[in-house]
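Trainee: coords below, sequence missing:
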Ligand SMILES: NC(=O)C[C@H](N)C(=O)O
């Protein structure tokens, strides 16, 4: 029997655990403040200063909210080092001011860390900087108002994603980052290499390199592991860092990004699969609107690119019913508009970014699923259509600003078919276990992978993917 263990710092109120006040910090978070409280202490950074005749009005932010707390200081009570950007401790009484906002009065302010523009702090008060400039200072970006909001949005979207899957009964699986499969057809892989200890020391014995003499890679997708987990758990998902080694410096690629992937035995048609993706996008977008609409507004205003006007979506576009068109229909649209395209489209081939964006625009900037793709341009694991063996049961979800945000398919589950495909791709040895999944207790699965940063780019109208990732990595750039 398990005995219920109640840690000393926890007390049990009516069956619900509450953390004892003794473990709480004496500092409060701005988001939690209410008016008419006295002697409240906060810690944060100065985001604005306004000097009046008798008072100085100071805006303090602490990361908990997009709204700063206004602190009123008497002029003769202002520390000398007080400047935009410095870190402070403030204590005072909270009241509701004439603008119905909470304000701190009778305040005592202590500067904890000075911040001097003259000594080289790269951001001046009230100035708007372009994203390329801000990106040079990854170590200060969380304090820049748009990024401050972005971090909270990423957090809230993550919570929304987990809430969505919990509601749908999916199990979160921690798929590995180090993996021995490099063969998804998803892109180029980073190879894991252990540096030989002997390097530089002639006498020491040679140490094995790579992954203890074996091949190992940084994951390009958790899909194959999810296919394992789904045949046991039914409905699974993973959400974690994913790595691609393409030498691309485009505004849409990172060497490390977050991908949300799901796999299920319970979905029976391509229509159901695309519906599941639409539900996910709608749920997470609504979750963000409900929980951090001000952050959404700030992010779009300070970091969004208004030059994108004909490419961007409104938040509402992400909540509209998405469109669906077959690859063949999409191909017809591109062929009949070839005079408007810079890159030539050849039927049966993949779309370029320009083609993807053209198709979205053609659908009035509402996200569009392109379904039923030619087999020869899609990865080996996709299931052929019964009606046409040259097509696979797959989709790409195309969105404004970025093009493809999500891709998915039914997986080939026929043992003989898959054995043939693996043989053709010389994968029979490395993916023997993948084939065995179809041999013992098999059930068909389908799933998808959504680029988290691309979704945020669409929602926030942000041009460059590097600006929706806290610490972006791209070719030749691994700062911090
Ligand atoms: N789980 C998925 O379907 C995503 C797919 N493996 C990809 O990397 O694009």
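Mentor: It's in. Being a predicted model, the structure only gives us computed values, none of them experimental.

Trainee: partner strands of the strand or helix carrying residue 72, parallel or antiparallel?
Mentor: Assigned by DSSP states H and E, residue 72 falls within strand 69-74. Next to strand 69-74 in the sheet, as set by DSSP bridges, lie strand 55-61 (antiparallel), strand 102-113 (parallel).

Trainee: can you list those in TSV and add mean pLDDT, mean neighbour count and distance to residue 320?
Mentor: Where you see a C-beta, it was placed from the backbone N, CA and C, and this is true even at glycine. Converted to TSV, the strands paired with strand 69-74 look like this (pLDDT from 0 to 100; neighbours: other C-beta atoms under 10 Å; distance: least, C-beta to C-beta, whole Å):
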stretch	mean pLDDT	mean neighbour count	distance to residue 320
strand 55-61	96	19	34
strand 102-113	95	17	37
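
Trainee: got the end-to-end distance for stretch 40-60?
Mentor: Taking C-alpha to C-alpha, to the nearest Å, the first and last residues of stretch 40-60 lie 14 Å apart.

Trainee: looking at the strands paired with strand 69-74, spot the one closest to the ligand.
Mentor: Closest to the ligand of these is strand 55-61 (C-beta to the nearest ligand atom; 37.8 Å).

Trainee: thinking again about what came up before, relative to strand 102-113, how tilted is the very next helix or strand once past the strand holding residue 72?
Mentor: Downstream of strand 69-74, the first helix or strand assigned by DSSP H and E is strand 87-96. Interaxial angle, strand 87-96 versus strand 102-113 (axes from the mean of the first three to the mean of the last three C-alpha atoms, to 10 degrees): 170 degrees.

Trainee: so, low pLDDT: which residues of the stretch 151-300 of the chain?
Mentor: 183-187, 196-208 (pLDDT under 70).

Trainee: so which bits of this protein are right by the ligand?
Mentor: With C-beta under 6 Å from any ligand atom as the criterion, the chain comes near the ligand at residues 184, 186, 221, 223, 261, 407-408, 447-449.

Trainee: how about 8 Å then?
Mentor: 184, 186-187, 220-224, 226, 242, 259, 261-263, 379, 407-409, 447-449 (C-beta under 8 Å from any ligand atom).

Trainee: who's in contact with residue 153?
Mentor: For residue 153, the contact set (C-beta atoms under 8 Å, 6 or more residues apart in numbering) comprises 288, 292, 295-296, 299, 456, 460.

Trainee: just the ones of those in helices?
Mentor: With helices taken from DSSP state H, the overlap with the contacts of residue 153 comprises 288, 292, 295-296, 299, 456, 460.

Trainee: about what we covered before: which of the contacts of residue 153 lies closest to residue 364?
Mentor: residue 460 (20.3 Å; C-beta to C-beta).

Trainee: did I read that right, residue 232 in a strand?
Mentor: No. Counting by DSSP: H, G, I helix; E, B strand; the rest coil, residue 232 is not part of a strand but helix.

Trainee: dump the strands paired with strand 69-74 to JSON lines, plus distance to residue 423.
Mentor: Shown next, in JSON lines, are the strands paired with strand 69-74 (distance: least, C-beta to C-beta, whole Å):
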{"stretch": "strand 55-61", "distance to residue 423": "60"}
{"stretch": "strand 102-113", "distance to residue 423": "63"}
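
Trainee: of the residues of the chain next to the ligand, which belong to strands?
Mentor: 242, 259, 261-263, 407-409, 447-449 (DSSP state E).
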